[in-house]
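Participant: Make a model of this:
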Amino acid sequence: MERSRQLLRKPLVWVLLVLALFLLISPLLRGDGGYKKVDTSTAIAAITQGNYTKVRLDDKQQKLRVDLKKSVPVEGGSSDKIATAYPAEAADEIYGLLVSESKDNSGAKFDTKVSTPNLLLNVLLTFVPFIVIGFILFFFISQMQGGGSRVMNF
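Facilitator: Prediction:
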C-alpha cells in the first residue's frame with residue numbers, strides 16, 4: 001500500500017498516464033463522419049459512372065470522400081458514403097476527373113478542402129518534447145540530490 005502511494009507521487013508516472021490517456025482518446029475524437037474506407041479504384045469507378053451526389057477532395061490529407069446515389073459493397077455490408085486515400089502524384093488527375101465529371105453529371109458537385117495546420121497542435125508538437133526533457137532532467141537532478149528539499153539549491 002505504501003509502495004503504491006510512493007509510486008503515485010512520482011511525476012513520471014503521471015506523465016505516462018496522461019500520455020496513455022491521450023493516445024486512447026485521440027482516435028475517438030477524430031471521427032470519420034460515417035464514411036467507409038474502400039479501395040481507390042472503387043471510388044474512381046463510382047465517380048466515372050456518375051454514381052455520386054457530392055465529392056470532397058481533402059488536399060493535404062490526400063483523401064477523397066464520396067456521397068453516393070446508390071450504395072456500393074464495402075467490408076461488412078454496403079454504404080452510400082465512401083472514403084479513400086490517393087497518392088500525391090495522382091492529385092492533378094483526380095481533380096481533372098472531378099471537373100470533367102461534374103460538368104457531365106448535373107446536380108452533382110465537388111468541393112476541395114485545403115487543410116490549414118492547427119496552431120495549437122503545432123505549438124504543442126514543438127514545445128512538448130523540450131518540456132518533457134526539461135522535466136526528466138529536473139527529476140533526475142532532484143533524485144541525485146536526495147529528494148525534493150534541495151532542488152535547485154546551487
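Participant: average pLDDT across the longest helix along the chain?
Facilitator: For the chain, the helix that runs over the most residues, judged by DSSP state H, is helix 119-144. For helix 119-144, mean pLDDT rounds to 81.
Participant: next one: it to chain centre, how far?
Facilitator: 23 Å (C-alpha atoms, centre = their mean, to the nearest Å).
Participant: by contact count, what packs against that helix?
Facilitator: helix 11-30 (3 or more C-beta pairs under 8 Å, 6 or more residues apart in numbering; DSSP states H and E). For glycine as for every other residue, the C-beta is placed from the backbone atoms N, C-alpha and C.
Participant: how big is the angle separating the helix it packs on from helix 119-144?
Facilitator: 160 degrees (axes from the mean of the first three to the mean of the last three C-alpha atoms, to 10 degrees).
Participant: was I right about Val74 contacting Gly34?
Facilitator: No - with contacts counted by C-beta atoms under 8 Å, Val74 stays clear of Gly34, the gap being 11.5 Å.
Participant: Distance check, Gln143 against Glu75.
Facilitator: From Gln143 over to Glu75 the distance is 51 Å, taken as C-beta to C-beta, to the nearest Å.
Participant: sorry, that was for Thr112
Facilitator: For Thr112 relative to Glu75 (C-beta to C-beta), the value is 27 Å.
Participant: Who has more neighbours out of these two?
Facilitator: Taking other C-beta atoms under 10 Å, Thr112 and Glu75 do not tie; Thr112 has more neighbours (12 against 8).
Participant: Report whether the more buried one is found in a helix, as I expect.
Facilitator: No - applying DSSP: H, G, I helix; E, B strand; the rest coil, one finds Thr112 to be strand, outside a helix.
Participant: Measure how buried Ala63 is and give me the count.
Facilitator: Slight slip there: residue 63 is Lys, not Ala. 19.
Participant: From Arg56, how far out is it?
Facilitator: 8 Å.
Participant: so where is the chain shaky, pLDDT-wise?
Facilitator: 1-9, 26-32, 105-107, 145-154 (pLDDT under 70).
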